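J.: sequence first, then the predicted structure:
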Amino acid sequence: MKNRILALEKLKSKEKFSNEEWENRGLNPSEKSLCISLENSLNDLLTDLIFANNSK
């Protein structure tokens, strides 16, 4: 269980939608405002998942 939390926290701290990350996936980077929105939304989801796992 702790490994799951650590993996979620590690993913949350990573920049998931930077230009470099898009290029690493072989994709064209998206517009900066969209990347910020995606990053914030995914981080909110990860926060909720971490909280839910800690509540068990």
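T.: Cool, got the structure. Residues are numbered from 1 along each chain as shown.
J.: tell me how far the closest residue to E21 other than its chain neighbours lies from E31.
T.: Excluding the flanking residues, the one nearest E21 by CB to CB, 6 or more residues apart in numbering is E15, at 6.5 Å. In short, each C-beta sits where N, CA and C put it, glycine included. Computed as CB to CB, to the nearest Å, the E15 to E31 distance reads 16 Å.
J.: counting contacts, what elements does the longest helix along the chain pack onto?
T.: As assigned by DSSP state H, the longest helix anywhere in the chain is helix 32-54. With contacts defined as 3 or more CB pairs under 8 Å, 6 or more residues apart in numbering; DSSP states H and E, the packing partners of helix 32-54 are helix 2-13.
J.: one step back: and the residue nearest to E21, helix, strand or coil?
T.: At E15, secondary structure determined by DSSP: H, G, I helix; E, B strand; the rest coil is coil.
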